[in-house]
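Novice: Provided below for reference: sequence and predicted model.
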Amino acid sequence: MNSFSSIGITQKMISILAGVNLSTVNRWITKNNVQALPKAHENSRNVRYPIGEIRKFFQEYVVLKELKNNDLVLSFYNFKGGTGKTSICYQVSTHLALMGYNVLVIDADPQGHLSTSLGFDNNHNFPTLFDVVQSKITIDEAIVNIFPGLNCIPSNLSLTRLEVVLSNSTKREEILLRQLENLRGKYDFIIFDSNPTISLLNRNILVCSDLISIICETQPYSLNGLKMLMEDMTVFFSVMRMELPEILIVPNKYEDRSTNSAEAMTVLRQFYSQFMMTDFAFRKSEDIPTSAKQSLPLAFFARANSLALEDTKDLIPAILNRLQLSLNIDEKIA
Ligand SMILES: Nc1ncnc2c1ncn2[C@@H]1O[C@H](COP(=O)(O)OP(=O)(O)OP(=O)(O)O)[C@@H](O)[C@H]1O
Ligand SMILES: [Mg+2]
């Protein structure tokens, strides 16, 4: 597993994530006498600062003050495979944690790709949601700390057996909801990466969610799938006699000079504009697979002009907005 505590983040990256001038970050570091991490090697150019200190900067100046462990539940969802749910879930949850929030991210996909990106070795045996739902352990006991502010319930193939357990339970769509009650007041955000099926586990995730972030590809066929998905969700919530949660459609893998991407965006805007951020699509970028491969969130390695970093940075306020929250950037740092 990566030892994030020894990796740290540069001043430049803190200023990019916070959207403040580099000099502002520099003044804060000097004023608070924040110690840099030892350099990885003698010639390395970048001075890096520990995650715990970076979180303090955000908590003091950027993160909204009113958010105090409200347990807001976000899910990344689509029953179509490979749209980018895990990739975007990974970046959003790690970045929210770096920004000072308390985050629990739950891998609800037996493929365990999110867990791998967070550094878990799938060959090792660790508790998952399967053990929690079976009441073998409490939900607290399944939680692993990754770095300050970021906690995870990892997943592996054991989750495939969860469907049978859920289907034999009473109120089988509300099992996770009851489990999350045991975490009340502990996290700002609880974030689910879902699996690409119409499964009972995914139904449970939908029921818990305050915001469902639907990740879809900007390709013609994925839009047919989206129509089905929206209909399915509407019927599901109506049968459950529950209100539809907030929904944010995030078009992904957008390519600037691609006719398919442009056409897909036109169709999305025509039918779903109320669920979208105007003029936003997550662009295709090699940094996304690189980030997963290296088990390193973008903030630890991406260049200042990375498209994926820029899009992650734009997506976070959009998610917060849908939850009636906003970032208060306070540049008045003495
Ligand atoms: N914006 C992007 N730019 C480039 N590649 C991307 C982007 N988003 C996702 N990918 C790539 O697309 C592939 C699928 O992404 P990912 O695993 O996140 O999708 P998923 O929806 O979680 O898949 P599954 O349904 O199997 O869980 C991966 O190889 C990933 O690196
Ligand atoms: Mg996935």
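Specialist: Looks like it came in fine. Ligands and ions are numbered 1, 2, ... in the order given.
Novice: Show me what from the protein comes close to ligand 2.
Specialist: 85-86, 113 (Cβ under 5 Å from the ion). C-beta here means a position set from N, CA and C on the backbone, and glycine is covered the same way.
Novice: how close does the closest residue in space to Ser326 that isn't next to it in sequence sit to Tyr90?
Specialist: Of all residues not flanking Ser326 in the chain, Leu320 sits nearest, at 6.0 Å (Cβ to Cβ, 6 or more residues apart in numbering). Computed with Cβ to Cβ, to the nearest Å, the distance linking Leu320 and Tyr90 is 18 Å.
Novice: Could you confirm Ile190 falls within a helix?
Specialist: No: counting by DSSP: H, G, I helix; E, B strand; the rest coil, Ile190 is not found in a helix; it is strand.
Novice: How many residues are close by it?
Specialist: Using other Cβ atoms under 10 Å, the number of residues around Ile190 comes to 25.
Novice: List the contacts of Leu223.
Specialist: By Cβ atoms under 8 Å, 6 or more residues apart in numbering, the residues touching Leu223 are 216, 264, 267-268.
Novice: before we move on, the earlier item: which of Leu320 and Tyr90 has more residues huddled nearby?
Specialist: Using other Cβ under 10 Å as the criterion, Leu320 and Tyr90 rank with Tyr90 on top: 28 against 19.
Novice: Setting aside sequence neighbours, what's the nearest residue to the more buried one?
Specialist: That would be Ser117: by Cβ to Cβ, 6+ apart, it lies 4.9 Å from Tyr90.
Novice: Isn't that neighbour up against Gln91?
Specialist: No: judged on Cβ atoms under 8 Å, Ser117 makes no contact with Gln91 at a distance of 9.5 Å.
Novice: and these two? which has more neighbours close in?
Specialist: Ranked by neighbour count (other Cβ under 10 Å), Ser117 and Gln91 place Gln91 first, with 28 against 23.
Novice: Remind me which helix or strand the more buried one belongs to.
Specialist: Applying DSSP states H and E as the criterion places Gln91 in helix 85-98.
Novice: how about that helix as PDB, C-alpha atoms only?
Specialist: Only the C-alpha atoms of helix 85-98 are listed here, as PDB (Å, rounded to 0.1, in the frame of the first residue of the first chain):
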ATOM      1  CA  LYS A  85     -17.600   5.500 -12.300                       C
ATOM      2  CA  THR A  86     -14.600   4.200 -10.400                       C
ATOM      3  CA  SER A  87     -12.200   6.700 -12.000                       C
ATOM      4  CA  ILE A  88     -14.300   9.700 -11.100                       C
ATOM      5  CA  CYS A  89     -15.300   8.400  -7.700                       C
ATOM      6  CA  TYR A  90     -11.600   7.900  -6.900                       C
ATOM      7  CA  GLN A  91     -10.600  11.400  -7.800                       C
ATOM      8  CA  VAL A  92     -13.600  13.100  -6.100                       C
ATOM      9  CA  SER A  93     -13.300  11.200  -2.900                       C
ATOM     10  CA  THR A  94      -9.500  11.600  -2.600                       C
ATOM     11  CA  HIS A  95      -9.700  15.300  -3.400                       C
ATOM     12  CA  LEU A  96     -12.500  16.000  -1.000                       C
ATOM     13  CA  ALA A  97     -10.300  14.400   1.700                       C
ATOM     14  CA  LEU A  98      -7.300  16.500   0.700                       C
END
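Novice: Thanks again, I'm all set now.
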